[in-house]
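>>> Here is a sequence together with a model predicted from it:
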Amino acid sequence: MSRWSVRLRAREADHRPALGAGASSTREFVIDDSVGYMINRVARSFAQELADELQPRGVGIGQWPVLLFLWALDGLSQAELARMVAIEPPTMVRTIDRMARDGLVTREPDPADRRITRIYLTDRGRALRDVLVPRAVAVNEANLARLTKSEGQALHRLLAKLLEPR
């Protein structure tokens, strides 16, 4: 049975892949070399920058993807939103509760199936689109400005590939 050691960083002169298995039975995981860790850190950084832009306008970062999907297709059901945003249904219910309280959305029963609740943007929720979308674009552009155009295109292509179903 192989054993694992975990380190924060690779040694200065050692730039082997994080999970490189040598002849030894001890394998090493270097946190800073983990692609998953790096993607998570980048995503958190983007999210924090976006949250800083949304907060003064009374929108939480958890409400952002719900707004995006409703701006694209108003009247989705709570279940559809939960699936599209990739969060658990109870979390979606709490998010929509807050959004309704803040005057961003309303809940209405589906006319064809009263078991389904549809979520609709209010006038305030719709109006925020033209205020918030440019802020999100600016966050993305500011971060991508650290890359060349071809690096940004490659990053986009590679991330899209990683998001494809296996």
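Looks like it arrived, so ask away.

>>> Can you tell me the element the spatially most central residue of the chain falls in?
Closest residue to the average C-alpha location of the chain: residue 43 at 6.6 Å, with CA atoms, centre = their mean. With secondary structure defined by DSSP states H and E, residue 43 is part of helix 35-54.

>>> Centre of the chain to that helix, how far?
8 Å (CA atoms, centre = their mean, to the nearest Å).

>>> so after that helix, what's the next helix or strand?
If you walk from helix 35-54 toward the C-terminus, the next helix or strand you reach (DSSP H and E) is helix 64-72.

>>> Report the buried residues of that following helix.
Buried positions in helix 64-72, judged by neighbour count with 16 or more other CB atoms under 10 Å: 64, 66, 67, 68, 69, 70, 71. Using the backbone N, CA and C atoms, a C-beta is placed for each residue, glycine as well.

>>> Check which helices and strands the helix or strand of the chain with the lowest mean pLDDT sits against.
Evaluated with mean pLDDT, DSSP states H and E, the helix-and-strand set of the chain has its lowest mean pLDDT in strand 26-30, which scores a mean of 90. For strand 26-30, the helices and strands in contact under the criterion 3 or more CB pairs under 8 Å, 6 or more residues apart in numbering; DSSP states H and E are strand 3-7.
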